[in-house]
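Engineer: sequence unknown, structure follows:
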């Protein structure tokens, strides 16, 4: 499975959009991009996933480049409660044992 | 739904003691996962079950670790004997790919923080 590269940390002002990048240059055609987040002392929480088209749900938007080698998670209006570690994961649909979380990006939302 | 339930939330034990962690998955979910999280190694998958049957235990660190799922609503992760290096947060997660969520979103429990002295 493809590995991912994310910045260690990012800051964002409350109310502004948070754009979290992820590089996955070795992604295969059958691999999806998943995003999870982990708020301090809690279990990881699913945010969104996609294959090649941009996706949007009530939590976030996912923008995947045309070559699928990178993606960006967008939180449109970050709040203090969005402070968390965000994980970008790439895996084929039913490869449960390949769910590598990596080290993620610590997003700090500041007032 | 109450979500994935784990117990205990915190466990402190001494080296050599047996430790049993418990998990109740979300009702109707047919996949159950056990993860371990440490600062050094991040979040690692230990084992997962499908319909109560262990499918892949390649992530279990050694024979001291064992996991069971006697029925669809209960699973245990046992460490015997425990060692200080087993100190970590252990998460249980469940999912149901065949239901409303065909893309394998996993729902995580709050975790059990284990400290082995």
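Structural biologist: Cool, got the structure. Owing to the predicted nature of the structure, the values given are computational and were not obtained by experimental measurement. Numbers count the residues shown, from 1 in each chain, chains lettered A, B, ... in the order given.

Engineer: which one of the residues in chain A is closest to chain B?
Structural biologist: Using CB to the nearest CB, the closest approach of chain A to chain B is made by residue A:43 at 3.0 Å. In short, each C-beta sits where N, CA and C put it, glycine included.

Engineer: next, the contact list for the residue nearest to that residue when sequence neighbours are not counted, please.
Structural biologist: Sequence neighbours aside, residue B:108 is the residue nearest to residue A:43 in space, at 3.0 Å (criterion: CB to CB, 6 or more residues apart in numbering or on different chains). By CB atoms under 8 Å, 6 or more residues apart in numbering or on different chains, the contact set of residue B:108 is A:42-45, B:4, B:35, B:91-93.

Engineer: hmm, back to that, looks to me like the residue of chain A closest to chain B is in a helix.
Structural biologist: No: secondary structure of residue A:43 (DSSP: H, G, I helix; E, B strand; the rest coil): coil, not part of a helix.

Engineer: quick one: residues contacting the residue positioned nearest the centre of chain B.
Structural biologist: For chain B, residue B:34 is the residue whose C-alpha lies nearest the centre (CA atoms, centre = their mean; 2.9 Å). When contacts are counted by CB under 8 Å, 6+ apart, residue B:34 is found next to B:23, B:45-48, B:67, B:75, B:77, B:90-92.

Engineer: hmm, 6 Å instead?
Structural biologist: B:46-47, B:67, B:77, B:92 (CB atoms under 6 Å, 6 or more residues apart in numbering or on different chains).

Engineer: can you report how many residues lie near residue A:42?
Structural biologist: For residue A:42, the count of nearby residues is 14 (other CB atoms under 10 Å in any protein chain shown).

Engineer: and what of the one 3 residues further on?
Structural biologist: By other CB under 10 Å, 16 other residues sit near residue A:45.

Engineer: try residue B:52
Structural biologist: There are 15 residues near residue B:52, going by other CB under 10 Å.

Engineer: grab the nearest non-local neighbour of it.
Structural biologist: Using CB to CB, 6+ apart, the nearest residue to residue B:52 is residue B:69, at 4.6 Å.

Engineer: beta partners for the residue nearest to residue A:43?
Structural biologist: residue B:93 (DSSP bridges).

Engineer: over to the one 4 residues further on?
Structural biologist: For residue B:112, the beta-bridge partners are residue B:90 (DSSP bridges).

Engineer: tell me the pLDDT at the residue lying closest to residue A:6 once chain neighbours are set aside?
Structural biologist: Take residue A:6 and drop its neighbours on the chain: the residue closest to it by CB to CB, 6+ apart is residue A:105, 4.6 Å away. According to the prediction, residue A:105 has pLDDT 97.
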